[in-house]
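**Student:** below are the sequence and a predicted model for it; my questions follow.
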Amino acid sequence: MKGAIVFLLVFALLILLTIVGIAIPPGQAIYNAALPGTEQYTINYSIVGTNAFTLIIGVFNGVIYGFVAWLIFTLIMMATKKDKKEQVNVNVTVNNNGANPPPPPPS
């Protein structure tokens, strides 16, 4: 659950940074490789106050860096995880007053 929060925080941060105008690789390189020649169409298309090109690059960056942050967080948590094996004491009380004798041994 904590890993999902780390992913979402990094994802949202990278989308916001990309929308503000900070050029963060590899979003644009992935966009150009996956959708070559479509930049001219997405720049004029507005979504949530920004153009679609910037938003798509932000999503690419958010997913990539969010996954990397989640993976690093998970590996650190696994490395620092202490053994949580707890010793459990179980007390069993048998009340045998002689009224119910034990069963005979199997033959």
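**Tutor:** Nice, thanks for sending it over.

**Student:** pLDDT weak spots in this protein?
**Tutor:** By pLDDT under 70, the low-scoring segments of the chain are 83-85, 94-101.

**Student:** any chance you could map the helices in it?
**Tutor:** 2-20, 27-34, 39-43, 52-80 (DSSP state H).

**Student:** nearest to Asn89, of those?
**Tutor:** Of all the helices of the chain, helix 52-80 sits nearest to Asn89, with 28.3 Å by CB to CB. C-betas here are computed from N, CA, C, even on glycine.

**Student:** name the residues of that closest one that are buried.
**Tutor:** Residues 52-66, 69-70, 73 are the ones in helix 52-80 that count as buried (16 or more other CB atoms under 10 Å).

**Student:** put together JSON lines for the helices of the chain, with distance to Asn89 on each row.
**Tutor:** JSON lines is the format used below for those (distance: least, CB to CB, whole Å):
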{"stretch": "helix 2-20", "distance to Asn89": "31"}
{"stretch": "helix 27-34", "distance to Asn89": "56"}
{"stretch": "helix 39-43", "distance to Asn89": "65"}
{"stretch": "helix 52-80", "distance to Asn89": "28"}
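
**Student:** what's the closest of the ones you listed to Pro106?
**Tutor:** Judged by CB to CB, the one of these that comes nearest to Pro106 is helix 52-80, at 48.2 Å.

**Student:** what's the angle from that closest one to helix 27-34?
**Tutor:** Interaxial angle, helix 52-80 versus helix 27-34 (axes from the mean of the first three to the mean of the last three CA atoms, to 10 degrees): 110 degrees.
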